[in-house]
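Novice: Sequence first, then the predicted structure, then my questions.
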Amino acid sequence: MWAGLLGAVLSRPLAAPLAFAALSLAVRARGRSKVLVASTAAAKLSAVAAATGSTVVGCNAASGVRDQPIGPDETLAGAHNRLAAACSSAEARGCHLVVSIENGLVRFGTDMWIDLAVVAVRDLKTGRQVHATSSGVQFPSQSVAEWGRQGRGTVGDVLAFRSGCDRQDPHAMLTGGEAPRAALLEDAIRVALASLAAPAR
């Protein structure tokens, strides 16, 4: 859809930042400046606003999975369920894009747990849908084990109880403030937008 505006830019050095800038210009040029987020969480809303440069609207959209998704399949299912709920909501009227985000824990090896987000973006005019993931942050295996024994809530709840960090953003604490959750999500959304802007293959 935006391929004509981005084609020349994508072939040059600094393609990623230029592509994002061109995408923003394309959105504004078409008067399509409203994005629906399948959540009302502050970190998600701020990340989408920063990545798109657009007005964002949040809506309650159930994930249909556990509060703490485990594994790529459950995490992807949560993102898809939120996306479907948002697309069919009254808030979708007048929006050009819908962005859905679901964080989950993925196990590598026997006892290494990485938290990452799956981002799903749909263009409501064309119906095209793309995905990306955030960079992952390792969560302490002891906290994951404690969450498993409790059988409720999220690993973020366990980390917040232990350290006093934000339960929705233990990423900031675990990375010494260098990679807060909103920043990780913003980067992932930008990647998804670049995929959406590229020609379909």
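Specialist: Perfect, I can see it now. Computed from a prediction, not measured in an experiment: that's the story for all the values here.
Novice: can you map out the helices along this protein?
Specialist: Under the criterion DSSP state H, the chain contains helices at 3-10, 15-29, 42-52, 71-87, 141-150, 155-163, 170-174, 181-197.
Novice: and the last one, which residues are buried?
Specialist: Of the residues in helix 181-197, those scored as buried under the neighbour-count criterion (16 or more other Cβ atoms under 10 Å) are 181-194, 196-197. All C-beta atoms are positioned from the backbone trio N, CA, C, and that covers glycine.
Novice: Next: the fifth one.
Specialist: Of the residues in helix 141-150, those buried by neighbour count under the rule 16+ other Cβ under 10 Å are 143-144, 146-147.
Novice: For that helix, give the mean pLDDT please.
Specialist: In this model, helix 141-150 carries a mean pLDDT of 97.
Novice: what do you get for the first one?
Specialist: Regarding helix 3-10, the rounded mean pLDDT is 35.
Novice: And for stretch 187-201?
Specialist: 94.
Novice: ditto for stretch 158-165
Specialist: Per-residue scores along stretch 158-165 average to 97.
Novice: quick one: contacts of that stretch?
Specialist: Stretch 158-165 is contacted by residues 139-140, 143, 146-147, 150, 166-167, 170, 172-174 when judged by Cβ atoms under 8 Å, 6 or more residues apart in numbering.
Novice: same thing but 6 Å
Specialist: Stretch 158-165 has contacts (Cβ atoms under 6 Å, 6 or more residues apart in numbering) with 143, 146-147, 167, 170, 173.
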